[in-house]
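Trainee: give the three-dimensional model of this entry:
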Amino acid sequence: MKRLPENDRWRAIGMLQVKETYYNVARYLNVSQPVIKRLWNRYQETGKVTDLPRKGRPRSTTADQDRKLVNKVMEDRHLTSTQLRHSFLAATGVSVSKQTVRNRLHAVNLRARRPHIVRPLSAHHREARKTWSQQHAKWTAKQWDSVMFSDESIYTLNARDGRLRVWRRAGERHIPCTVIKEDLYARGRVQVWAGITTTGRTELHICHGSLTGLYYRDKMIREVVMPFAKRQGKDFIFQDDNAPAHRSRLVQDEWQGNNVRTLPWPAMSPDLSPIEPLWDMLRRQVRERRPPPENLQELADVLQEEWRRIPQEKIEGLIRSMRRRCLACLASDGASIHQ
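Mentor: Predicted structure coming up:
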């Protein structure tokens, strides 16, 4: 039904007051006669032309019950809407839908999100992280400029994170433009390695085979890291984590034989490394590629291409954040920190 603007409503009342018919007024304003009749009756009863207040559907919960629901979530953030619905029914005797539960939580800005994953840290791990952070919190930017941070990461083919959606109407489930092609038997993975500094980065190395100490020494250290170290000079410092290949005797002898300083690294501390956020960035860039890579070779090529596209300013900013990371670790008493 067409809603009349207020000025047209008063125009209709004026026409009716001078004895114009419902038919003529409705035709003049391009509305139905019942609209004009209801408008005239409302004016006769109230002296107004505005709509009367409409009663909506009554709320199924009270404000006190809403607070109890929110308090329940604050006690346990992992409860699902189904579990909350059942506990709410048991506590209040009021049956509500899962959508009502979500609506009440949305009203106080509580929304379901993927949880942040952290490493389980023992007391020994936390103490080691605090000690390391205390030792390096006062490092200058020049000292961090001398460090090459390195790491490996694994990327899988046809990996879905459960969040991919398509827009479609009812009955369009199987049309080609809404279908995702995924060969469940064509899964595979690509392991990559890279190093970063404030002034540059290595190429993204695609690891072929298992990452042993011998492979790490021959392919990463000798072919990639040592040329960087020679250009940097005596101030060069190399960082990697405590993976078995990194701490093998072959690798340690290589560092000692070339007089290369290494940066001791606390166990279970990927959140302290500035290279970790780059892996997430690279993963997002690959996931957004259209069309996506269909085999391992395409995945490797795309990874290397997207790695080169990461701005050096981003890398420099992450390395410059090392002091902040150290201070955050100390402030959290050695617990995991937000990157």
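
Trainee: mean confidence (pLDDT) on stretch 60-67, please.
Mentor: Here stretch 60-67 scores 90 as its mean pLDDT.

Trainee: that should have said stretch 128-140, apologies.
Mentor: Mean predicted lDDT for stretch 128-140 stands at 96.

Trainee: ok, residues contacting it?
Mentor: By CB atoms under 8 Å, 6 or more residues apart in numbering, the residues outside stretch 128-140 that reach it are 121, 264-269, 272, 322-323, 325-327, 329-330, 333-334. Any C-beta I mention is one placed from the backbone N, CA and C, and that applies to glycine too.

Trainee: middle-most residue in the chain, spatially?
Mentor: Geometric centre of the chain, nearest residue: residue 114, 7.8 Å, by CA atoms, centre = their mean.

Trainee: okay, now the residue nearest to residue 23 when sequence neighbours are not counted: neighbour count?
Mentor: Spatial nearest neighbour of residue 23, chain neighbours left out: residue 33 (6.1 Å); criterion: CB to CB, 6 or more residues apart in numbering. Number of residues near residue 33 (other CB atoms under 10 Å) recorded here: 14.

Trainee: quick one, what contacts residue 33?
Mentor: Shown in contact with residue 33 (CB under 8 Å, 6+ apart): 22, 23, 26.

Trainee: got the confidence number for it?
Mentor: Per-residue pLDDT puts residue 33 at 90.

Trainee: next: residue 94.
Mentor: 89.

Trainee: what residues does it make contact with?
Mentor: Taking CB under 8 Å, 6+ apart as the contact definition, residue 94 lies against 60, 61, 65, 88.

Trainee: pretty sure the last one contacts residue 71?
Mentor: Yep, that's residue 88 we're talking about. No: counting by CB atoms under 8 Å, residue 88 does not reach residue 71; the two are 11.3 Å apart.

Trainee: of these two, who's got more company?
Mentor: A count of neighbours by other CB under 10 Å puts residue 88 above the other of residue 88 and residue 71, at 21 against 9.

Trainee: what helix or strand is the residue nearest to the more buried one when sequence neighbours are not counted on?
Mentor: Nearest residue to residue 88 in three dimensions, chain neighbours excluded: residue 69, at 5.8 Å (CB to CB, 6+ apart). Per DSSP states H and E, residue 69 falls inside helix 63-75.
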